[in-house]
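**Q** I'd like to go over a predicted model; first the sequence, then the structure.
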Amino acid sequence: MSKQYLWKILGLGVVAAASLSYSSVASAKTLGFVVTGWHHSGTFTPDNKVECPQGLGSDGRANFKAQFKTKEEQEAQIKKYAGFEMRARGPNGEIDTYSPELVEDPIPFPEGQGKISYGFNLDGTKDGRATDRTCKHSKFTSPDGETGIDNQYYRSMACITGMRPHGDADAMANSQLLTKMVNRLVFEVTGVDDEKNDESVDVTIAHGLDKVSQGPSGVFIPNLSQRMDEKASAYIFHVKAKIVNGVLISDEMPNLDIAQYPGPGDWGIRAFMNARIKINLKDGDHPTAVLAGYHDVERLYRYWAKTNGIHSITATASGPSLYRSMHRNADGYKDPKTGKCTAISASYDYQLVKAFIIRETPEEKEISDNAPSSANADVQVASAKSPLEVK
């Protein structure tokens, strides 16, 4: 056998091996999704009798009138502190939304009594008993029968009219989700060998740069391109996941920050701790998803106050009652000194549409990096990080 012939055989072997290697890599799929809607997880009935048997909560105006009972008292308070929308209810005229700890609402605040919710078992217990890290709380059962679900934020917001699905604040947030580019949220799943069962895939959560389109009937059009905003690197998160019976279930993310402009107020960061995501891949072109985790109570309240809470009338909410309820229902991140929990579990139901997630090529990245920052949507994302929310 000649050396030349031998090298030809070896060369073919190398090419064949490389081809096999490339084939195995190329066979892995990439899935992409864009968020088209979201609501708080939990039980919400049309007449609210199941979850709010005592009725829905009262807003700041109703509490103002209950706090200052006569017309003369009300006029005097408004005149003294120029109480915009009757909100200067603190001892020195402090606005109720921004100084909730200084105001005590006279009207009792109803909390959600529902028992059904999507979500995750975040604390690892079946019964919600107190642990070194968590406080005692009641658990939920999912519509699919999964037990041990944690979603204490539901207790605090379920009876607030505007925050319920299709309430004013909820509807506005979902409207802004489509019109404000900063709200464009994408999920990219790579390394998918089998969409039914796969032991290990990679998930990237980031912001997008393109609009989502709807057909004449209002249904979101699937399989359109969506560019990932790679310049907004502070809001790109990666996590491992697995697929079990067509459902993607992620590992835990220590932190997840999602920039949002839910309106009608300012930008804000919905900051999660110990976050997890679940995507039902069996739902075809319009999958559903669940995102859950813990929120620091103080930070979550500030987020609410600067976004929906800035017009508490629209949310039909009263800041002081919501603030106290959130602290009362806090179930995570127990302070070892006080024994009180400082974070509250929360779960959100997401609606998605399939999309092709586009990343920048090296050439495009060079152009993008040298482009004026105002040309990119990540400027809007960055502006969402209020100094009040930076720890």
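**A** Okay, I see it. Numbering: from 1, shown residues only.
**Q** Okay, and the residue nearest to Glu51 when sequence neighbours are not counted sits in which element?
**A** Nearest in space to Glu51, with sequence neighbours left out and distances taken as Cβ to Cβ, 6 or more residues apart in numbering, is Gly114 at 3.9 Å. For glycine as for every other residue, the C-beta is placed from the backbone atoms N, C-alpha and C. Of the helices and strands defined by DSSP states H and E, none includes Gly114.
**Q** which residues in the stretch 201-350 of the chain form helices?
**A** With helices called from DSSP state H, counting those that start in this stretch, the stretch 201-350 of the chain shows them at 297-306, 312-315, 319-329.
**Q** and the longest one, average pLDDT?
**A** pLDDT averaged over helix 319-329 equals 97, rounded to a whole number.
**Q** Give me the pLDDT value at Leu12.
**A** 40.
**Q** and this protein, what are its domains?
**A** Listed by automatic domain parsing, the domain ranges of the chain are 30-55+115-213+221-359+379-385, 58-108.
**Q** Show me how far the first one is from its chain's centre.
**A** Its chain's C-alpha centre and that of domain 30-55+115-213+221-359+379-385 lie 3 Å apart, by Cα atoms, centre = their mean, to the nearest Å.
**Q** With the shortest one instead?
**A** What separates the centre of domain 58-108 from the centre of its chain is 31 Å, taken as Cα atoms, centre = their mean.
**Q** could you dump stretch 100-118 to CSV, C-alpha only?
**A** The C-alpha trace of stretch 100-118 is given here as CSV (Å, rounded to 0.1, in the frame of the first residue of the first chain):
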residue,chain,number,x,y,z
PRO,A,100,-47.3,53.0,53.0
GLU,A,101,-45.8,52.3,56.4
LEU,A,102,-47.1,55.6,57.7
VAL,A,103,-50.7,55.1,56.7
GLU,A,104,-53.2,52.7,58.2
ASP,A,105,-56.2,52.0,56.0
PRO,A,106,-59.5,52.0,57.9
ILE,A,107,-61.2,49.7,55.5
PRO,A,108,-60.4,46.0,56.0
PHE,A,109,-58.4,44.5,53.1
PRO,A,110,-59.6,41.1,51.7
GLU,A,111,-57.0,38.5,50.7
GLY,A,112,-57.3,35.8,48.1
GLN,A,113,-58.7,32.5,49.4
GLY,A,114,-58.3,30.4,46.2
LYS,A,115,-56.5,27.1,46.4
ILE,A,116,-55.7,26.4,42.7
SER,A,117,-52.7,27.9,41.0
TYR,A,118,-49.9,27.0,38.6
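**Q** Now that stretch: buried residues?
**A** Using 16 or more other Cβ atoms under 10 Å as the test for burial, stretch 100-118 gives 100, 103, 105, 109-114, 117-118.
**Q** still on that earlier bit, could I get the helices of the stretch 201-350 of the chain as JSON lines with mean neighbour count?
**A** Listed next are those as JSON lines, based on neighbours: other Cβ atoms under 10 Å:
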{"stretch": "helix 297-306", "mean neighbour count": "21"}
{"stretch": "helix 312-315", "mean neighbour count": "22"}
{"stretch": "helix 319-329", "mean neighbour count": "23"}
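**Q** Would you format these as JSON lines with distance to Tyr261 included?
**A** Listed next are these as JSON lines, based on distance: least, Cβ to Cβ, whole Å:
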{"stretch": "helix 297-306", "distance to Tyr261": "11"}
{"stretch": "helix 312-315", "distance to Tyr261": "15"}
{"stretch": "helix 319-329", "distance to Tyr261": "20"}
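**Q** looking at those helices, which is closest to Ala289?
**A** With respect to Ala289, and counting by Cβ to Cβ, the nearest of the helices of the stretch 201-350 of the chain is helix 297-306 at 20.4 Å.
**Q** State the mean pLDDT of that closest one.
**A** 93.
**Q** ditto for stretch 91-109
**A** Here the average pLDDT along stretch 91-109 is 94.
**Q** So for it, first residue to last residue, what's the gap.
**A** 21 Å (Cα to Cα, to the nearest Å).
**Q** what does stretch 126-139 give?
**A** 8 Å.
**Q** can you give me the helices in the stretch 1-150 of the chain?
**A** 3-26, 60-67, 71-81.
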